[in-house]
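Asker: Quick one: sequence and predicted model below, then my questions.
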Amino acid sequence: MATQGKQITVDILMETVKEYISHPQNLELIEKAIAYATEKHAGQMRKSGEPYINHLLSVAHILATLRVGPSTIAAGLLHDVCEDCGISKEELTKAFDAEIATIVESVTKIGNIKFTDEKEYMAVNHRKIFIAMAKDIRVILVKLVDRLHNMRTLQYQPEEKQRKISAETLDVYAPIAHRLGISEIKNELEDLSFYYLHREQYYEVARLVEVRKAERDNQVNRMIQEISEMLSEHNITHRIFGRSKHLYSIYKKMTTKQKRFDEILDLLAIRIICEEEVNCYEILGYIHAKYRPIPGRLKDYIAMPKMNMYQSLHTTIVADEGNIFEVQIRTENMDSIAERGIAAHWHYKEGGKYSQEKEQREIENKLSWFKDFSALTGDVNDDAQEYMEVLQKDIFEANVYVMSPKGRVIDLPNGSTPIDFAYRIHTEVGHATIGAIVNGVLVPINTKLKTGDVVMIRTTKQPSGPSEDWLKFVKTSHARNKIKGFLQKKELEDRQDFIKKGQSMFIEELKKRNLDEKEIVGSKRLESVFKEFNVKNEDDFYYAISVKSLTLHAIMEKLTDTRKSLLDTINLSKLFNKPPQKKTISKSGIRIAGVETMMVSLAGCCTPVYGDEIIGYITKGQGVKVHRKDCPNIINETKRLIHVEWDSEFETGKYEVQLFIMANDRNFLLTDLVTIVSQCKAGLNAVNSTVNDDKVTATTTMKIVVEDFDHLKLVIANLRKVNGVIDVDRVTL
Ligand code: MN
């Protein structure tokens with residue numbers, strides 16, 4: 001395969017440039033770039049043994065054939081000086097200007113993305129990243145042309161590298177060329193990749209084409225002559241020629257559409273180029289009058305251009321001998337767009353000033369009519385949709401793509417910070433973050449990242465963990481959840497410390513007053529003190545002591561005050577005529593003072609958990625059902641109630657509770673709710689979520705499993721913090 005054309009010299013390049021650039025200032029700029037690149041790359045060789053400058057002259061030459069502006073040609077010549085000669089952006093700005101330096105910098109950045117090393121990303125993401133990183137269409141052009149020339153000279157690379165580069169070209173570069181409508185480059189990139197990736201098949205397809213070539217050429221030439229004569233008779237100026245499919249497209253049709261080679265090549269193709277748009281329809285009329293058109297094959301891409309701005313008339317006709325021809329009719333201008341795509345749209349015009357914003361707005365405008373059109377007809381194929389998405393979303397808004405120092409690409413929502421980046425790398429990295437270096441500069445950790453930023457996270461070996469302030473600026477819910485999880489855990493641990501401290505303070509105080517610890521701790525007497533102070537249990541009690549929301553003095557006063565009522569309680573238990581420590585134990589961990597062997601179970605309606613205030617209800621034949629004291633099913637009950645208590649010795653640590661959650665509906669609401677449940681280490685037995693009739697709120701019910709009442713409180717408190725949540729409640733059936 002002829003992969004290398006003639007060597008481009010400075011003279012050849014300048015000759016091509018002068019076909020459309022004549023302003024001395026512009027020519028000087030290009031000559032200066034040639035001299036600069038020659039000097040900086042002096043002594044460097046390509047794998048082929050040629051001087052490196054040859055690559056740069058070739059790239060610039062291809063760019064000139066695409067009729068790009070002088071700055072872009074200069075950038076093409078300079079595109080490797082940062083990477084290979086260690087020239088900084090600043091130096092380049094001084095030597096040339098900021099515009100050229102920025103293009104070169106972006107080209108260099110894209111070159112450093114490791115597309116094929118990153119398995120988690122698919123080809124489509126690579127293309128998005130590529131385009132989003134480039135931002136400027138000129139960067140994409142330089143990079144595409146650079147790759148094209150590298151593909152043309154790939155024979156000098158080792159085989160493994162040939163395959164790797166070809167795969168990347170097929171996955172990333174060729175589709176981008178296609179999207180931009182540059183079919184010349186796309187076809188060549190595909191055929192070159194095809195050659196290196198599937199050499200046997202490549203030769204096979206090439207052989208098949210060759211075998212049929214003479215016969216086909218014959219048929220096509222006869223048809224061309226017939227049509228050309230007819231058009232001349234009608235005084236229509238035109239060019240007409242046959243065209244052949246490129247090898248990779250034939251191969252692709254044979255493999256993906258399961259077609260035989262014959263079926264693909266049976267379609268003979270002719271293209272007619274005319275001057276004006278009206279001529280296209282005129283020509284179509286004459287052709288349909290003379291030959292039989294195949295119904296349903298007429299496509300008017302002039303009235304309705306393709307998404308990559310392609311315009312042409314397509315029809316398929318049957319010639320007299322029965323041969324089938326596909327005929328494409330278009331103007332010179334349309335043809336140039338078909339071959340060179342978006343590049344053809346801003347053919348450099350001398351005297352005009354290039355404005356990146358203006359160009360991009362123009363593409364947007366050119367594409368937006370298509371959007372309107374597709375919205376009207378609802379007739380959008382996937383390809384078109386994807387095209388719109390890539391160009392409009394990723395170039396103009398959407399995500400930011402940043403890189404680790406090793407070139408790993410991380411995509412993050414717009415507005416993300418180094419903290420979001422750190423948590424995406426690893427949770428532990430996030431927790432240990434103490435600073436961030438973006439593009440070599442130390443920045444605040446709430447800095448908003450931009451596409452193309454190289455982000456390095458500074459961590460510490462003894463992390464104190466995330467700060468609550470981080471929640472104010474992190475953008476990803478991933479980072480948010482990890483930070484919240486950490487803080488909750490920390491809070492819990494801190495609380496345990498406080499409880500321990502409060503407990504020893506309390507016991508110390510008892511000793512001071514010569515009170516018996518054993519008699520008081522865990523007693524009814526103390527429990528009634530809890531009630532007086534409105535604390536639910538021992539832990540809360542000790543915690544309150546520790547943080548001094550309860551004073552020991554006040555507690556001791558109450559302890560002595562309640563002595564009397566305590567006696568009453570003891571007397572009550574004596575009514576059962578049995579010592580209170582003798583208790584009935586069931587698997588539910590409930591004790592009923594003075595009652596032996598009674599069947600006890602937890603009520604299903606209000607699903608009490610260990611630590612809830614409870615009461616027993618004596619059923620007919622099913623023993624005692626334990627309800628929460630506020631359960632509506634027993635609240636009006638006066639008889640059949642019996643005092644019950646939780647038995648800490650037999651606490652099961654597994655209580656199923658139903659929760660009812662009311663929230664403003666949003667994306668990922670359910671995910672966030674479930675995440676919280678699992679972060680609080682609660683079990684999840686069932687979950688169900690429905691959007692309410694108002695279409696704004698959603699109701700979620702969950703069956704979760706908790707250890708005790710405190711645990712349940714923790715879960716509920718955290719569910720209430722979830723963005724959008726209006727209320728969380730326990731369900732009583
Ligand atoms: Mn290069």
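Answerer: Perfect, I can see it now. Numbers count the residues shown, from 1 in each chain.
Asker: how near is the residue of the chain found nearest the ion to Asp191?
Answerer: When distances are taken as C-beta to the ion, the chain reaches nearest to the ion at Asp146, 4.2 Å away. Placement of C-beta: from N, CA and C, glycine included. As judged by C-beta to C-beta, to the nearest Å, Asp146 and Asp191 stand 18 Å apart.
Asker: what's the burial count for Gly724?
Answerer: As a burial measure, Gly724 scores 16 neighbours (other C-beta atoms under 10 Å).
Asker: now swap in Arg297 and tell me
Answerer: 13.
Asker: so is it in a helix, a strand, or just coil?
Answerer: coil (DSSP: H, G, I helix; E, B strand; the rest coil).
Asker: what about Ile410, distance to Val429?
Answerer: As judged by C-beta to C-beta, Ile410 and Val429 stand 12 Å apart.
Asker: Between these two, which is the more surrounded one?
Answerer: Higher neighbour count among Ile410 and Val429: Ile410, with 20 against 15, using other C-beta under 10 Å.
Asker: what about Asp497, distance to Arg640?
Answerer: Per C-beta to C-beta, Asp497 is found 44 Å from Arg640.
Asker: returning to what we had before: surely the residue of the chain closest to the ion is in a helix?
Answerer: Yes. Asp146 forms part of a helix when assessed by three-state DSSP.
Asker: And the next helix or strand past the host helix or strand of Arg495?
Answerer: Assigned by DSSP states H and E, Arg495 falls within helix 477-512. On the C-terminal side of helix 477-512, the closest following helix or strand by DSSP H and E is helix 517-520.
Asker: what packs against that next one?
Answerer: Applying 3 or more C-beta pairs under 8 Å, 6 or more residues apart in numbering; DSSP states H and E, one finds that helix 517-520 makes contact with helix 477-512.
Asker: I figured Ile272 hits Ile227, correct?
Answerer: Yes. Ile272 sits in contact with Ile227 when judged by C-beta atoms under 8 Å, with a separation of 7.1 Å.
Asker: which neighbours do those two share?
Answerer: Both Ile272 and Ile227 are in contact with Ile240, where contact means C-beta atoms under 8 Å, 6 or more residues apart in numbering.
Asker: which bits of this protein sit near the ion?
Answerer: Taking C-beta under 5 Å from the ion as the contact definition, the chain meets the ion at Asp80, Asp146.
Asker: so where's the chain shaky on pLDDT?
Answerer: For the chain, the stretches with pLDDT under 70 are 1-5, 114-135, 179, 262-267, 307-308, 341-399, 407, 561-588, 592-598, 648-651.
Asker: Return the set of buried residues in the helix holding Arg495.
Answerer: By 16 or more other C-beta atoms under 10 Å, the buried positions in helix 477-512 come out as 477-488, 495, 498-499, 502-503, 506, 509-510.
Asker: Then stretch 234-241?
Answerer: Going by neighbour count (16+ other C-beta under 10 Å), the buried part of stretch 234-241 is Ile236, His238, Ile240.
Asker: go on, stretch 22-33?
Answerer: By neighbour count on 16+ other C-beta under 10 Å, the buried set for stretch 22-33 is Asn26, Leu29, Ile30, Glu31, Ala33.
Asker: Could you say which helix or strand holds the residue nearest the centre of the chain?
Answerer: Nearest to the mean C-alpha position of the chain, by C-alpha atoms, centre = their mean, lies Asp411 at 5.7 Å. According to DSSP H and E, Asp411 maps onto strand 409-412.
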